[in-house]
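*Asks:* okay, here's the prediction I keep looking at, along with the sequence it came from:
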Amino acid sequence: MTSAPLNASRPRRADRVFRGISTGAGVLILAVLVLVAAFLVIQALPAINPTAHIDAAPNGFAAFVGPLVFGTLFSAVLALMFATPLAIGIGLFISHYAPRRLASMLGYVIDLLAAIPSVVYGLWGIQVVAPFLQPVYQWLSDNWGFIPIFEGPVSGTGRTILTVGIVLAIMILPIMSALAREVFLQTPRLHEEAALALGATRWEMIQIAVIPFARSGLLSAAMLGLGRALGETMAVAMVLSPAAAVTFKLLTSENPSTIASTIALDFPESSGLDVNALIAAGLVLFAITMVVNSFARAIVTRHRDTMGEN
Amino acid sequence: MGKIIELDRVNVFYGSFLAVEDVSLTIEPQTVTAFIGPSGCGKSTLLRTLNRMHEVIPGARVDGEILLDGANLYDDDVDPVSVRREVGMVFQRPNPFPTMSIRDNVLAGYKLNHDRLSKSDEDEIVESALKSANLWKEVKNRLAKPGGGLSGGQQQRLCIARAIAIRPRVLLMDEPTSALDPISTQAIEDLVSQLKKDYTIVIVTHNMQQAARVSDRTAFFNIAGEGEPGKLVEFDDTSVIFSNPSKKNTEDYISGRFG
C-alpha cells in the first residue's frame, strides 16, 4: 500500500470540478423551467386580457380554451381507463406468471413499443384502428345507444374520441407496464413467502402481498401515463377532425379536441393575437400537467409514510 | 394436535445441485425438534421442504418421501397450498404485512382458508391467537394499528399468532430469533415451550444454547466442504447431543471448535 502525501490536491480538484458540473446541471434545469414558464406567461398575457379581440376566439379566451381543456382531460382519462388494467395485467404476468425466458423477451418487446414514434401511432390509428373499430361503434350504438355516451349518429370514419383514447392507451401502455413490472418485482420476497406459507395460492399471494406493496408505484405509473396522454400531440391531431365540442358522446363525428393537437394544427396558420391565444392554451396545459404531477407526488409521499419502515 | 413427520431418504436439489443428501429422521408429535449446524449445511433448506416452500424457488425439487401422519406430502395429487395450511411457518425476519392492521394480519391466513366469518368469530380468533402468542396484552388496545409499528420482537410474535390462527398441526421456525434482541428472544423461546402442547415444532437455529434450551430432540447437520451436499450427522435427544454425542464431528461443533 502506498500512502498519499497529506496535502495531495489532485483528488480534491477532481472533486471540485465534479461538484461544479453537477451543480451547473442542477441550476440549468431550473433555469430552463423558469425561462419556459416566463415565455409562456409573457406571451399569454395579451390573449388573456378580456378586452382583447382574438379572431380564433371571438367569445373570449375562456370560451376558447374551455372545450380544449375538457377534450384534453377526457381523452387522457379514457386512455388511462383502458391502459391501467392492461398495464397491471402485463406487469403481473411478466413478474409473477411468465416463465423466465418469456418474461425477459416480453420486457424487450414492451420497451420496443415505447420506441415507436407517435406519428407512426397516429398513422396506424387512422389507417387501421379507426376503420377496424367503426363497425364495432355501429354495433355499440345500435344495441347500447340508450346509454348517452354511445348515442349516435356514429362517425362514418371511426375517427372519434374513443379511437383517440384507445390509440393513446396503446401509446402509454409500454411505459406503464414497464413501471408496473418494476414495482411488482420489488415486492420483498419476505412478504410473498409470508403469504405463501399461510396457504395462499399465487393469486391470493398477489392480492395480499404484491398489490398492497406496489400501490404507490402503480399510482405513479398511472400518473406518468396520464402526463404523457395529456401532452400527446401528433396521434390526436392526426386521428381527430377538430370540432372543439364539449360532449361525452364517444362515437359521433363531433369530437372534443385537445390543447396540444389544436396548437399543432392551428399554429402554422395563425398570426397576431391568435398566436398568443395558442400560447396561452399551452400555458394552461403546462399548469394542468404540473397539478397532475404534484398531486401524484403528494399521494405517493403520503402512502410511503403509512407504509412505515417496511 | 401435532402430527408425526417422517423423512425417508430425502434428497433436496436446487436445479442439478444437490443441497441436502439422504436424510431420514422421524419427528415425534408435540415435541420441539431443533436443526443445528454450520451455515450452508442445508438445515433451512430441509426445513422448507416440510411445507413445500422449497419449491417456490425455480428449479428446486425434492426426492424421497416426507410423510405427515403417514401421508406423503409429495404425492402427485397433493396441493402444496393445502400442505402449507397444515404446516405453518415463521421466518428469520419478522414479516407482518405492512399495509394490514394487527387484527388483519392475524386474520390474513384465516380469510384465505375460510368463508366470511361473523365479526364476533373474528374477534375470538384474533384474541385467542394473540393470547397464544403472548402478545394480547401488549396490542389489545391498538388492534387497528398497522403491524409494522410494533417492535421487532412483537412483530415476530404477531407472525407466530398469524401462523397459528389457522390452526396448523406443525409449526416450522426458521431462525425465528436471529433478528431479535435477547429479551425478545426469551419471549419467543418461552412461547415455543408453551406451543409444543398443541403443535409439532421444528426450529432451525444458529444458536446452540437456544437449541439446548427449547428443544427435546436435536438434529446436527454438516457439510464436508464448499459445493458438497449437507448431511444429517446425528439425531438424538437434545440432552444426549449436548452432553454425550456419539460422533466426533458433533462434539467438535457443540464445543465450538468450528462453525
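*Replies:* Thanks, I have it.
*Asks:* right, and residue A:154 touches residue A:138 too?
*Replies:* Yes. Between residue A:154 and residue A:138 there is a contact under Cβ atoms under 8 Å: 5.2 Å. C-beta coordinates here come from the backbone N, C-alpha and C atoms, glycine included.
*Asks:* residue B:203 sits in which helix or strand?
*Replies:* strand B:200-204 (DSSP states H and E).
*Asks:* what comes up buried for that strand?
*Replies:* Going by neighbour count (16 or more other Cβ atoms under 10 Å in any protein chain shown), the buried part of strand B:200-204 is B:200, B:201, B:202, B:203, B:204.
*Asks:* and those, which two are the farthest apart?
*Replies:* Across the buried residues of strand B:200-204, no pair lies farther apart than B:200 and B:204, at 14.5 Å, counting by Cβ to Cβ.
*Asks:* could I get the buried residues of strand B:200-204 as TSV with distance to chain A?
*Replies:* Below are the buried residues of strand B:200-204 laid out as TSV (distance: Cβ to the nearest Cβ, whole Å):
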residue	distance to chain A
B:200	16
B:201	15
B:202	13
B:203	15
B:204	14
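*Asks:* dump these to JSON lines, plus pLDDT.
*Replies:* As requested, these are arranged in JSON lines below (pLDDT from 0 to 100):
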{"residue": "B:200", "pLDDT": "93"}
{"residue": "B:201", "pLDDT": "94"}
{"residue": "B:202", "pLDDT": "95"}
{"residue": "B:203", "pLDDT": "95"}
{"residue": "B:204", "pLDDT": "95"}
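*Asks:* what is the nearest of those to residue B:92?
*Replies:* Checking the buried residues of strand B:200-204 against residue B:92 with Cβ to Cβ, the nearest one is residue B:204 at 8.6 Å.
*Asks:* I figured residue A:73 hits residue A:289, correct?
*Replies:* No. Checked against Cβ under 8 Å, the pair residue A:73 and residue A:289 is beyond contact range at 11.2 Å.
*Asks:* give the residues shared as contacts by these two.
*Replies:* Here residue A:73 and residue A:289 have residue A:230 as joint contacts, going by Cβ atoms under 8 Å, 6 or more residues apart in numbering or on different chains.
*Asks:* contact residues of chain B facing chain A?
*Replies:* By the rule Cβ under 8 Å from any Cβ of the partner chain, the part of chain B lying against chain A is B:51, B:53, B:56, B:58, B:81-82, B:84-85, B:88-89, B:91, B:93, B:95-100, B:108-109, B:112-113, B:146, B:148-149, B:159, B:162-163, B:166.
*Asks:* mind checking the longest helix of chain A?
*Replies:* Counting by DSSP state H, the longest helix found in chain A is helix A:10-48.
*Asks:* residue B:87: neighbouring residues, count only.
*Replies:* 26 (other Cβ atoms under 10 Å in any protein chain shown).
*Asks:* contacting residues around it?
*Replies:* Under the criterion of Cβ under 8 Å, 6+ apart, the neighbours of residue B:87 are B:50, B:51, B:68, B:168, B:169, B:170, B:171, B:172.
*Asks:* one more pass at 6 Å, please.
*Replies:* Shown in contact with residue B:87 (Cβ atoms under 6 Å, 6 or more residues apart in numbering or on different chains): B:50, B:51, B:168, B:170.
*Asks:* C-terminal to the strand or helix carrying residue A:235, what's the next element?
*Replies:* Under the criterion of DSSP H and E, residue A:235 resides in helix A:234-239. As assigned by DSSP H and E, the chain's next helix or strand after helix A:234-239 is helix A:259-266.
*Asks:* residues of that next one that come out buried?
*Replies:* Neighbour counts over helix A:259-266 (16+ other Cβ under 10 Å) mark A:259, A:260, A:261, A:262, A:263, A:264, A:265, A:266 as buried.
*Asks:* counting contacts, what elements does the strand holding residue B:203 pack onto?
*Replies:* Other helices and strands packing on strand B:200-204, by 3 or more Cβ pairs under 6 Å, 6 or more residues apart in numbering or on different chains; DSSP states H and E, are strand B:32-36, helix B:43-49, strand B:170-174.
*Asks:* mean pLDDT and mean neighbour count added to the ones you listed, as a markdown table?
*Replies:* Supplementary listing: the helices and strands packed on strand B:200-204 in a markdown table, determined by pLDDT from 0 to 100; neighbours: other Cβ atoms under 10 Å in any protein chain shown:
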| stretch | mean pLDDT | mean neighbour count |
| --- | --- | --- |
| strand B:32-36 | 95 | 26 |
| helix B:43-49 | 93 | 24 |
| strand B:170-174 | 93 | 25 |
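*Asks:* for residue A:240, find the nearest of these.
*Replies:* helix B:43-49 (57.3 Å).
*Asks:* packing partners for that closest one?
*Replies:* Secondary elements touching helix B:43-49 (3+ Cβ pairs under 6 Å, 6+ apart): strand B:17-27, strand B:170-174, strand B:200-204.
*Asks:* where does the prediction get shaky in the chain?
*Replies:* All of this refers to chain A. Counting by pLDDT under 70, chain A has low-confidence residues at A:1-11, A:52, A:56, A:303-310.
*Asks:* chain B is the one I meant
*Replies:* B:113-115, B:259.
*Asks:* can you give me the buried ones in the helix or strand residue A:282 falls within?
*Replies:* If you go by DSSP H and E, residue A:282 is part of helix A:273-306. Neighbour counts over helix A:273-306 (16+ other Cβ under 10 Å) mark A:273-286, A:288-289, A:292, A:296, A:300 as buried.
*Asks:* with stretch B:15-25 instead?
*Replies:* For stretch B:15-25, by 16+ other Cβ under 10 Å, it's B:18, B:19, B:20, B:21, B:23, B:25.
*Asks:* report how many residues lie close to the residue nearest to the first one when sequence neighbours are not counted.
*Replies:* In other words, residue B:18. Using Cβ to Cβ, 6 or more residues apart in numbering or on different chains and skipping the chain neighbours, the partner closest in space to residue B:18 is residue B:229 (4.4 Å). Using other Cβ under 10 Å, residue B:229 has 18 other residues around it.
*Asks:* about what we covered before: just send the contacts of residue B:87 back as a markdown table, with distance to residue B:119 too.
*Replies:* Below are these laid out as a markdown table (distance: Cβ to Cβ, whole Å):
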| residue | distance to residue B:119 |
| --- | --- |
| B:50 | 35 |
| B:51 | 30 |
| B:168 | 24 |
| B:170 | 30 |
